[in-house]
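Student: Here's my sequence, what's the structure:
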Amino acid sequence: MSYLFKRQMAALLLALAGAGVLTSAAAAEFDGMLDVGAGKLHVVQGGSGPYTVVFEAGFGSDLGVWRKVAPQVAKNARVVMYSRAGTGNSPARTAPLGPGQSSAELARLLAQAKAAPPYILVGHSYGGFVIRQFAAAHPEQVAGMVFVDPADEGLELALKRVDAARVARDQRAMAGFVPPRYAADLKLVQQILDEGKLPAMAALPDVAAVLLTSVKARDGAEFFQETPAAVRIKRERHQAFFSQFSNGAHVVTANSGHNIHLQQPELVIGAIGQVIDAAAQAAERRAQQLARQALMAELEKAAALLGARQGAGAGALVVAALKQSRLGESDINTLGFDVINKGKQPVLAELILKYNAQAFAQSANAADSHGEALLGLRRAAEARQQFERALALARAGGAGERALAAYQSNLDKAEKALRQP
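Tutor: Residues are numbered from 1 along each chain as shown. Next up, the predicted model:
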C-alpha cells in the first residue's frame, strides 16, 4: 500500500481545500460542517438529478481530490463529497476509524445532509473499502458503484508469495514516510492487509458497477507494487473481484497511475455516467415488472368477475388496469394472445384486445387481433367489422402486399363463418 499512499499524498497537496470544488459547473448548495455524532465532517453538495453520487476519497485524501470530476457529474446528478475524520477540514476522532466505522459515519452524514437515495457510490483506493462496507450495510439504498483503482485487501498477501522481502521493504518505507497524524489510521489499514480480509460484512448488492484499474507499470520501480509482475497480479485480482457483478465493465488504463481521477478524470466521469444509465435502465425494468405483476393481479380479478357472469364489471376492470399499466400496443397484443394460448381464457383475452383496438385506433394490427379474438368466440359479425377496419387502416397506411393478404385472409374467414348455418 505504500506507493498508493505516496501518490495520494501528492494528490492531497495539489487538491483544493474543498471550497470551490463545484464552482466550475454548479454552485455548491452547502459547503460546511455537519455533526455525525462522534464529531463533525466537512461536506460539499450540489447539483440535481434522480441519483445522488457520493464520492469517497482514498487514504489521507480529502474531498478536494474530486475537483476534476464532481463539476461535470453535478450537471446531471446530486453530488456529495466529504472529508473523512482526520482529513481536510474534518477533525480527527479520539481513536482511529476503520472502514466500517467510516461507513457508519457516512450513513449519518447522508441523513444529516438530507441527501436521499438511490446512491451511486464512487470510491478511490482505500475509499473502495468504505463504499463496500456502506453498500453491504445499506443494499436497498445503493443503485450503482464505481471503483477507481480500489484497494484490495488480499493483494499484499498475494505479492508476499512472489517476493516477501520487497513487500516488507515497502512497508518499512511507508512507516518512515507517513505523517504522524496518519500513523494510527495506517496501522488499522495494515492490519486489514496483513489478514487479507475486511471486517465481516454482508454480500454486496448486484448493482451496476464499473471498476477502473491502472495497469501503468515501470521496470525497476521504487515500489514493488509498481512493477509489471505486481501490476499483473493486481489486474487479475481486480477482474476476479469485479466478476461478482452482472452488469457493468472492468476498464484498464496504462495512461495514468493510481490517481485516475486526477490524471484521466474523463474515465471516471464516463464510468459514473455509464453506471447512472445502467441504474436507470434497471429501475425501469423493475418498475415494468412491478406494473405487470399488478396488472396480472387485476386481470385475475376480472377473470373471477367473468366467472360470476359480471361481464360489465370485468370489462371496466380490464380497461382501468390496462390504462394504469401504460403498456404499449405491442405488449398488450402479446398479453392478449398469451391469455388465449397459455391462460385458456378467450373471453378475458377479447376484453384485453378490445381495449387495445380502442386505445390504438389507428393500428391495423390491433384491430386485426381483436377480430381474431372475436372469431375465436364465434362472434363472426363483430369479427368481420374488425377485419374490415384493419384492412382499411392497412391500405391507408401503405402496408405491403403480404400484410394486406393476411388481413384479407382473416376477413375471408369471418365471411365464411357467417355463411355457415
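
Student: how close does residue 30 sit to residue 379?
Tutor: Taking Cβ to Cβ, to the nearest Å as the criterion, residue 30 is separated from residue 379 by 65 Å. In short, each C-beta sits where N, CA and C put it, glycine included.

Student: same deal with residue 38?
Tutor: 74 Å.

Student: hmm, back to that, looking at residue 30 and residue 379, which has the bigger crowd around it?
Tutor: residue 379 (17 against 13; other Cβ atoms under 10 Å).

Student: pLDDT value on the more buried one, please?
Tutor: We have a pLDDT of 97 for residue 379.

Student: again with residue 231
Tutor: For residue 231, the predicted pLDDT is 96.

Student: same check, this time on residue 178
Tutor: Note on residue 178: pLDDT of 82.

Student: ok, for it, nearest residue in space, not its chain neighbours?
Tutor: residue 186 (5.3 Å; Cβ to Cβ, 6 or more residues apart in numbering).

Student: next one: residue 375
Tutor: Residue 375 sits nearest to residue 383 (Cβ to Cβ, 6+ apart), 4.0 Å away.

Student: Residue 361 and residue 386, how far apart?
Tutor: 12 Å.

Student: okay, these two: which has more neighbours?
Tutor: Using other Cβ under 10 Å as the criterion, residue 361 and residue 386 rank with residue 386 on top: 26 against 11.

Student: what's the distance between the helix or strand where that one lies and the middle of its chain?
Tutor: Taking DSSP states H and E as the definition, residue 386 sits inside helix 380-396. Here the centre of helix 380-396 is set off from its chain's centre by 46 Å, with Cα atoms, centre = their mean, to the nearest Å.

Student: most centrally placed residue in the protein?
Tutor: residue 279 (2.8 Å; Cα atoms, centre = their mean).

Student: got the contact list for it?
Tutor: Neighbour list for residue 279: 51, 118, 120, 143-144, 207-208 [criterion: Cβ atoms under 8 Å, 6 or more residues apart in numbering].

Student: can you tell me the helix or strand for it?
Tutor: Per DSSP H and E: helix 265-307 holds residue 279.

Student: tell me which strands and helices the next helix or strand after that helix is in contact with?
Tutor: Going down the chain from helix 265-307, the next helix or strand is helix 311-325, by DSSP H and E. Identification of packing neighbours for helix 311-325 by 3 or more Cβ pairs under 8 Å, 6 or more residues apart in numbering; DSSP states H and E yields helix 265-307, helix 346-359.

Student: Find the one among the ones you listed with the highest mean neighbour count.
Tutor: helix 346-359 (a mean of 22; mean count of other Cβ atoms under 10 Å).

Student: how far does that helix sit from the chain's center?
Tutor: 36 Å.

Student: Please enumerate residues in contact with it?
Tutor: Taking Cβ under 8 Å, 6+ apart as the rule, helix 346-359 contacts 299, 302-303, 306, 314-315, 318-319, 322-323, 329, 332-333, 335-337, 339-340, 343, 363, 366-367, 369-370, 372-374, 376-377, 386.

Student: Brilliant, that's me finished.
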